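In: below are the sequence and a predicted model; questions follow.
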There are 2 protein chains.
Amino acid sequence: MPNPYPKVRLFVESHLEKGASVVREDDAAHYITRVMRMKEGERVALFNGRHGEWAASVHDVRKHAVELRVEEQLRDYLAPADIWLCFAPIKFGRIDYLIQKATELGASVLQPVMTQFTQSERVNEQRLRANAIEAAEQCERVEVPELKAPLGLRDLLATWPKDRILLFADESGRGRALACVLPELKDKPLGVLIGPEGGFSPDERTLLYRIAHVVGVGLGPRILRADTAAIALLAAIQSSIGDWNIAPHFQREGTL
Amino acid sequence: MPNPYPKVRLFVESHLEKGASVVREDDAAHYITRVMRMKEGERVALFNGRHGEWAASVHDVRKHAVELRVEEQLRDYLAPADIWLCFAPIKFGRIDYLIQKATELGASVLQPVMTQFTQSERVNEQRLRANAIEAAEQCERVEVPELKAPLGLRDLLATWPKDRILLFADESGRGRALACVLPELKDKPLGVLIGPEGGFSPDERTLLYRIAHVVGVGLGPRILRADTAAIALLAAIQSSIGDWNIAPHFQREGTL
């Protein structure tokens, strides 16, 4: 009988190959030995965003460190769908949720964008990255979305690659219907842009509609919160032209 | 110049027609006078799920009550999209979020369903309804999704209308791709069913696949949390075959 898929998945920075030793210290070690109560010989899954996913076993438990020994590759690296999420920072709590959900929904890049009506001036990058890592571990990604440093909207647009269509959520009623827009964008690099609570300013909207590779899209008759809009737009893309035709790599226990 | 759309929207139980008086007491009165600091003569928008949306003005402020006088209809009643969301209760916090987002995404019915792996045995119906009302007020719905009493999965399936397709989120890999399933379901009554964290049991899955009007669908290669799955599936439906081709009724301030 093959080994079952490990219950604990961890993102690590280390190189992963057969026989490699990975040492986890402090909080990470505490999580393995205290929270998950793992003993020597038990298996975890490791990924580092470069070498796919590997099984490793708990090799040595010390006071503030755990040594894991890498055993066998479980699967190859798989590049994420090429969707960049650009979002105006929102308040504490909601932004954590947004990062977790965007990671589950397969965004490849997370780009905070400062707009005119953005209320949250500061972004806690370390906290956001921790959220993305935890969500990636939990949802079985083999990499973690790349968190970029915040940019002003004008800088974002000035440096935006011309071959990457940027869909922005426009609640003014002027945006096109997604059901019409998405089929034209299959297999193309994409970005989505979500404004803050209160939306974009008239100047920003005028600017956005002037750019050829920016497309305003409507998200229906209800006014969505910023985090809802981001999650819903990512889901609409993935289900229609993204990777939702692919099944999870590992079969769930007891699912068939 | 026409009156701007009121900033405060309230769900009320009362009959709404021109000249009607609506009295709000206690917490609801506190919200109007203290939180929103509204004065006599200022306008709010009211809806009751039956008579569309109306403008009313603050008529009389008393110690523990506020009287509103209904002035003019802002728009007619609009029935919600016919999508029932059936979900296994999840823990406090996440379930509030789920109810809010499902309301924003236009679910017409919220049906808690008890499954074999459901961890949260009790559902605080009053709290869930308060969440749905607040989200409806904020997202500009003219009604509030109907919250049903919890049902066991077998009872749900035994009483399910045969002409309503039930899409269930199946992470086993056996589910069909949404991009193929949805186009066949345009303008049909729908339901979606989301399991608890841990998914459906093998017995439940076998049961679900035996029913002709139940369709298992895949939500991609990543394992979504239960709340993410519900939100993402609703968004996929609304964007592809639902009401996302409709713009918000009221133009946002400064949006054009």
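Out: Perfect, I can see it now.

In: please enumerate the strands of the stretch 51-200 of chain A.
Out: A:53-61, A:65-75, A:83-87, A:109-114, A:146-147, A:151-152, A:165-169, A:176-177, A:190-194 (DSSP state E, counting those that start in this stretch).

In: out of the ones you listed, which is closest to chain B?
Out: Set against chain B and scored by C-beta to the nearest C-beta, these come closest in strand A:176-177, at 4.2 Å. Every residue, glycine included, has its C-beta placed from N, CA and C.

In: any residues touching that closest one, and which ones?
Out: A:Val215, A:Gly216, A:Val217, A:Gly218, B:Trp244, B:Asn245 (C-beta atoms under 8 Å, 6 or more residues apart in numbering or on different chains).

In: still on that earlier bit, can you redo the strands of the stretch 51-200 of chain A as TSV with distance to B:Ala65?
Out: TSV is the format used below for the strands of the stretch 51-200 of chain A (distance: least, C-beta to C-beta, whole Å):
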stretch	distance to B:Ala65
strand A:53-61	61
strand A:65-75	62
strand A:83-87	41
strand A:109-114	43
strand A:146-147	50
strand A:151-152	47
strand A:165-169	40
strand A:176-177	45
strand A:190-194	40
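
In: export the ones you listed to a markdown table and append columns for mean neighbour count.
Out: Listed next are the strands of the stretch 51-200 of chain A as a markdown table, based on neighbours: other C-beta atoms under 10 Å in any protein chain shown:
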| stretch | mean neighbour count |
| --- | --- |
| strand A:53-61 | 19 |
| strand A:65-75 | 17 |
| strand A:83-87 | 25 |
| strand A:109-114 | 20 |
| strand A:146-147 | 16 |
| strand A:151-152 | 15 |
| strand A:165-169 | 22 |
| strand A:176-177 | 16 |
| strand A:190-194 | 26 |
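
In: dump those strands to TSV, plus mean pLDDT and distance to B:Gln138.
Out: Formatted as TSV, these follow (pLDDT from 0 to 100; distance: least, C-beta to C-beta, whole Å):
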stretch	mean pLDDT	distance to B:Gln138
strand A:53-61	96	41
strand A:65-75	96	42
strand A:83-87	98	19
strand A:109-114	98	23
strand A:146-147	97	29
strand A:151-152	96	28
strand A:165-169	98	16
strand A:176-177	96	23
strand A:190-194	98	17
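
In: tell me the contacts of the nearest residue to A:Arg50 once chain neighbours are set aside?
Out: What sits nearest to A:Arg50 in space, not counting adjacent residues and going by C-beta to C-beta, 6 or more residues apart in numbering or on different chains, is A:Tyr77, at 6.5 Å. Counting by C-beta under 8 Å, 6+ apart, A:Tyr77 touches A:Gly49, A:Arg50, A:His51, A:Gly52, A:Val142, A:Glu143.

In: ChimeraX command for the buried members of those residues?
Out: In ChimeraX syntax, the buried subset of the contacts of A:Tyr77 is picked out as below (16 or more other C-beta atoms under 10 Å in any protein chain shown):
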select /A:49,51,52,142,143
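
In: got any ranges where chain A has weak pLDDT?
Out: Applying pLDDT under 70 to chain A flags residues A:1-2, A:252-256.

In: relative to A:Lys7, which of the contacts of A:Tyr77 is nearest.
Out: A:Val142 (17.0 Å; C-beta to C-beta).

In: next step: the contacts of strand A:176-177 restricted to strands.
Out: A:Val215, A:Gly216, A:Val217, A:Gly218 (DSSP state E).

In: how about TSV for those residues, with neighbour count added?
Out: Output for these, formatted as TSV (neighbours: other C-beta under 10 Å):
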residue	neighbour count
A:Val215	20
A:Gly216	21
A:Val217	23
A:Gly218	22
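
In: ok, the residue lying closest to A:Lys91 once chain neighbours are set aside - how many residues close by?
Out: Spatial nearest neighbour of A:Lys91, excluding adjacent residues (C-beta to C-beta, 6+ apart): A:Ser120 at 5.7 Å. When counting by other C-beta atoms under 10 Å in any protein chain shown, one arrives at 17 neighbours for A:Ser120.

In: next up, the contacts around A:Ser120.
Out: Per C-beta under 8 Å, 6+ apart, neighbours of A:Ser120: A:Ala88, A:Pro89, A:Ile90, A:Lys91, A:Phe92, A:Ile95, A:Pro196.

In: the third one is in contact with A:Leu98, isn't it?
Out: Yes - the pair A:Ile90 and A:Leu98 qualifies as a contact (C-beta atoms under 8 Å) at a distance of 6.9 Å.

In: ok, A:Gln251 to chain B distance?
Out: To chain B, A:Gln251 is 6 Å away according to C-beta to the nearest C-beta, to the nearest Å.

In: ok, that residue - contacts?
Out: B:Ser172, B:Gly173.

In: that one and A:Ser108, how far apart?
Out: 25 Å (C-beta to C-beta, to the nearest Å).

In: now A:Leu98
Out: 15 Å.

In: okay, now the domains of chain A?
Out: For chain A, automatic domain parsing gives the domain ranges A:9-75, A:83-241.

In: among those, which is nearest B:Val12?
Out: The nearest among these, by C-beta to C-beta, is domain A:83-241 at 19.3 Å.

In: quick one: end-to-end distance for that closest one.
Out: 11 Å (C-alpha to C-alpha, to the nearest Å).

In: chain center to it: distance?
Out: Averaging C-alpha positions (C-alpha atoms, centre = their mean, to the nearest Å) puts domain A:83-241 11 Å from its chain's average.

In: between A:Leu98 and A:Ser108, which has more neighbouring residues?
Out: Applying other C-beta under 10 Å to A:Leu98 and A:Ser108 shows that A:Leu98 carries more neighbours, namely 25 against 19.

In: now that one: closest residue in space that isn't a chain neighbour?
Out: Counting by C-beta to C-beta, 6+ apart, the residue nearest A:Leu98 is A:Asp227, at 4.4 Å.

In: same question, A:Lys39
Out: Excluding the flanking residues, the one nearest A:Lys39 by C-beta to C-beta, 6+ apart is A:Val58, at 6.5 Å.

In: please name the bridge partners of the one you found.
Out: Here A:Val58 sits in beta bridges with A:Leu68, going by DSSP bridges.

In: give the contact list for it.
Out: A:Ile32, A:Met38, A:Lys39, A:Glu40, A:Gly41, A:Glu42, A:Arg43, A:Val44, A:Val66, A:Glu67, A:Leu68.

In: list just the nearest of the residues you listed to A:Thr206.
Out: Nearest member of the contacts of A:Val58 to A:Thr206, counting by C-beta to C-beta, is A:Val44, at 51.9 Å.

In: what about A:Lys18, how many residues nearby?
Out: For A:Lys18, using other C-beta under 10 Å, the count is 10.

In: what residues are up against the nearest residue to A:Glu71 once chain neighbours are set aside?
Out: Using C-beta to C-beta, 6+ apart and skipping the chain neighbours, the partner closest in space to A:Glu71 is A:Ala55 (5.0 Å). By C-beta under 8 Å, 6+ apart, the residues touching A:Ala55 are A:Asn3, A:Pro6, A:Arg43, A:Val44, A:Ala45, A:Leu46, A:Val70, A:Glu71, A:Glu72, A:Gln73, A:Leu74.

In: go again using 6 Å as the cut-off
Out: A:Arg43, A:Glu71, A:Glu72, A:Leu74 (C-beta atoms under 6 Å, 6 or more residues apart in numbering or on different chains).
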